[in-house]
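*Asks:* how would this look folded up:
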Amino acid sequence: MQLFDWIVLIVTLLFIVGYGSWKTRGSKNVEDFILGNNETPWYTVGLSVMATQASAITFLSTPGQAYHDGMGFVQFYFGLPIAMIVICLTFIPLYHKSKVYTAYEFLERRFDVKTRSLAAILFLVQRGLGTGLTIYAPAIILSALLGWNLTIMNIIIGVMVIIYTFSGGTKAVNVTQKQQMFVIMSGMFITFFLILHYLPNDMTFNSALHIAGANDKMNIVDFSFDPEEKYTFWSGITGGFFLALAYFGTDQSQVGRYLSGKSVRESQMGLIMNGLLKVPMQFFILLTGVMVFVFFQFNPVPLNFNPNNKIAIEKSAFKNEYHALEEKLVKLSEDKKVINLLYIDQLNQDYDNPILRKELVALSNKEKDLRDKAKEIISRADSHTETNDKDYVFFHFILNYLPKGLIGLLLAVILSAAMSSTASGLTALASTTAIDIYKRNQKEEKSEKHYLHVTKFFTLFWGVIAILFACVGTLFENLIQLVNIIGSIFYGTVLGIFLVAFYTKRVQAKPMFISAIISQLTIFVIYYFMIYSQEKLGYLWLNFIGAILTIVLAVVLQFLFFRGKSDDNEVILE
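*Replies:* Now for the predicted structure:
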């Protein structure tokens, strides 16, 4: 990195942290700290909701996902717009009418304190893990870039977030996320158009799409009913719908964003904005990854994008074997470039040459074989290393091909996204712990000032926990998948509880609590067998299974064992 890159990176980050701390300093009470005094306009709600979900993992991992597997991941988001409509019509009016600080506070009014506490604890577990990952993902990349210790990077990122989140709470998160989204999208758009600019002069955008299509990168929609396929239209519209409904409707990191809205209408407009823009945004990020793939059809590409693996190989007895594969890849890359240029020339004459397409596919398969052999060698060199390099693809392109200044901006994008989603996670974890656990179990009356200090303390506490988890985290197949897998394990049960609370009046607290426990344990068992058995199930289905199982069990238990009985503290909402 050049000096100018460092200046761009440091100035951008210091501005965001400093501006957020200065603009929102001095929260007067817990309502101000958690709900921002309900002063947030709809467009800030919308941007804040989008920024909370768009973590650094999104911008690091999603392009790499598209590079390797194509555009199919976009199906994951197909259920999101429908979920936004359901939340706007049902969830938001009830939350605002109940005047709650957290989503789980609502559950006690509908059921009892056990159900509220269970939902809150499930949230704390999965969001605590997820928040650690939002720190860990960019730390991996930047530690590889700067040669710094990974633990130090985790601490630096975590501390930056804690500073302004501790200072201003929800209001600070909302204010900083506007700047962060501007930095993020500006950087991505500039990068996308630079990639197109770097492609051969006689190559059009349409030709680039043809090359991507020939390599099976443009298969956007899969209508198959195969449950082993991770991403299909049906898993996206069902499992994706339930995941989005749970995430945006019951996860305090998102609920807290629109509970701070000026009114029901402002909150609803913010979520509708997210529903309209989220799928196109993810499509664009995936398309950027596909264009990176096309770019590397004409430029040198490493055997493995993770620079740490290259270092490990050079220190091992297998380096000559690895170098031999690198030489084969260089020759293969030259052949790819020649065939791709011939293919473009034919396309410019309006002829999609089937013979050249077959050659492109054959060369891509050979390259995949070389990469697989390289992974085997890396595993032999170090059995503990992660050979999967999806999360490093976009980083490799940024570092080696972007002009100076823009490298700093893209690294600022990565860190801004990390700070954005981490800050939302910390405020949600702190407010849930302070309101649903601490305050609910206090027997003596405490002042608002006391609960403000407690919430700030838990912000610091969860910030430290997130940093510690980030320090012991490990790479998964793909970080964007890991975050969604963690959510899918827990979200279904929590969503089922809320759906029963919103849409039924007969189910009481005891059958609800029992069904939630059974459902969550069942999901743990299913996921265990997903990992260790030959039969695979797309993880998105866990959301659907968890929610439906919770609802069905609650209804069945109510009518078989609790019919005619009533809970002492049951409250049925009109």
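*Asks:* Double-check that L303 belongs to a helix.
*Replies:* No - L303: not assigned to a helix; according to DSSP: H, G, I helix; E, B strand; the rest coil it is coil.
*Asks:* next structured bit after the lowest-mean-pLDDT helix or strand in the chain?
*Replies:* In the chain, no helix or strand scores lower on mean pLDDT, DSSP states H and E than helix 30-35, which sits at a mean of 58. Once the chain leaves helix 30-35, the next helix or strand it forms, by DSSP states H and E, is helix 42-53.
*Asks:* Pull out the buried residues from that next one.
*Replies:* W42, T44, V45, G46, L47, S48, V49, M50, A51, T52, Q53 (16 or more other CB atoms under 10 Å). The way it works is simple: take the backbone N, C-alpha and C, and place the C-beta from them, glycine included.
*Asks:* ok, and what's touching it?
*Replies:* 40, 173-174, 177-178, 180-181, 184, 247-248, 253-254, 257-258, 260-262, 265-274, 277-278, 281, 417, 420-421, 424 (CB atoms under 8 Å, 6 or more residues apart in numbering).
*Asks:* Could you do stretch 307-319 as well?
*Replies:* 144, 302, 304, 322, 377-378, 380-382, 385, 387, 389, 392, 396.
*Asks:* ok, of the contacts of helix 42-53, which come out buried?
*Replies:* Looks like the contacts of helix 42-53 have 40, 173-174, 177-178, 180-181, 184, 247-248, 253-254, 257-258, 260-262, 266-274, 278, 281, 417, 420-421, 424 buried, using 16+ other CB under 10 Å.
*Asks:* Give me the subset of the residues you listed lying in strands.
*Replies:* Assignment to strands by DSSP state E places none of the buried ones among the contacts of helix 42-53 there.
*Asks:* residue ranges with poor pLDDT in the stretch 51-200 of the chain?
*Replies:* Along the stretch 51-200 of the chain, segments meeting pLDDT under 70 span 52-57, 141, 144-146, 164, 167-180.
*Asks:* what ranges do the helices span in the stretch 151-300 of the chain?
*Replies:* 205-214, 233-237, 239-250, 252-259, 264-295 (DSSP state H, counting those that start in this stretch).
*Asks:* what would the ones you listed look like in CSV with distance to D372?
*Replies:* Shown next, in CSV, are the helices of the stretch 151-300 of the chain (distance: least, CB to CB, whole Å):
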stretch, distance to D372
helix 205-214, 21
helix 233-237, 27
helix 239-250, 29
helix 252-259, 38
helix 264-295, 17
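*Asks:* Select, out of these, the one closest to I121.
*Replies:* helix 252-259 (12.3 Å; CB to CB).
*Asks:* quick one: that closest one to helix 264-295, angle?
*Replies:* 130 degrees (axes from the mean of the first three to the mean of the last three CA atoms, to 10 degrees).
*Asks:* tell me the mean pLDDT for helix 252-259?
*Replies:* Across helix 252-259, pLDDT averages out at 81.
*Asks:* For it, list the C-alpha coordinates in CSV.
*Replies:* C-alpha atoms of helix 252-259 as CSV (Å, rounded to 0.1, in the frame of the first residue of the first chain):
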residue,chain,number,x,y,z
GLN,A,252,-32.9,-6.9,18.1
SER,A,253,-30.0,-5.6,16.0
GLN,A,254,-32.6,-4.9,13.3
VAL,A,255,-35.7,-4.3,15.4
GLY,A,256,-33.7,-1.6,17.3
ARG,A,257,-33.1,0.2,14.0
TYR,A,258,-36.7,0.8,13.2
LEU,A,259,-38.0,1.1,16.8
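*Asks:* now it: how far from the chain's centre is it?
*Replies:* 16 Å (CA atoms, centre = their mean, to the nearest Å).
*Asks:* same thing with stretch 252-272?
*Replies:* Using CA atoms, centre = their mean, the offset of stretch 252-272 from its chain centre is 20 Å.
*Asks:* next one: stretch 110-128
*Replies:* 22 Å.
*Asks:* all helices for the stretch 301-450 of the chain, in order.
*Replies:* Using DSSP H, counting those that start in this stretch, helices in the stretch 301-450 of the chain cover 307-314, 319-348, 354-381, 393-401, 406-431, 448-472.
*Asks:* quick one: which of the ones you listed is nearest M160?
*Replies:* When these are ranked by proximity to M160 (CB to CB), helix 406-431 comes first, at 6.2 Å.
*Asks:* Return the list of helices and strands in contact with the closest one.
*Replies:* Here helix 406-431 touches helix 3-23, helix 42-53, helix 56-69, helix 113-146, helix 150-198, helix 252-259, helix 393-401, helix 448-472, going by 3 or more CB pairs under 8 Å, 6 or more residues apart in numbering; DSSP states H and E.
*Asks:* so how far is N219 from Y343?
*Replies:* Going from Y343 to N219 by CB to CB, to the nearest Å gives 19 Å.
*Asks:* With neighbour numbers in mind, choose between those two.
*Replies:* Under the criterion of other CB atoms under 10 Å, the comparison of Y343 against N219 puts Y343 first, with 23 against 14.
*Asks:* Wait, the more buried one touches V361, no?
*Replies:* No - Y343 is not in contact with V361 according to CB atoms under 8 Å; the separation is 11.2 Å.
*Asks:* between these two, what contacts are shared?
*Replies:* With CB under 8 Å, 6+ apart as the test, Y343 and V361 both reach A214.
*Asks:* So which residues of the stretch 451-574 of the chain form helices?
*Replies:* 479-503, 509-532, 541-561.
*Asks:* Could you report the neighbour count for R440?
*Replies:* Quick note: R440 (other CB under 10 Å) scores 15 neighbours.
*Asks:* What's the separation between it and A103?
*Replies:* 14 Å.
*Asks:* Please look at L553 and Q520 and confirm they touch.
*Replies:* No - using CB under 8 Å, L553 makes no contact with Q520, being 11.0 Å away.
*Asks:* Check the average confidence over stretch 459-469, would you?
*Replies:* Mean predicted confidence for stretch 459-469 is 86.
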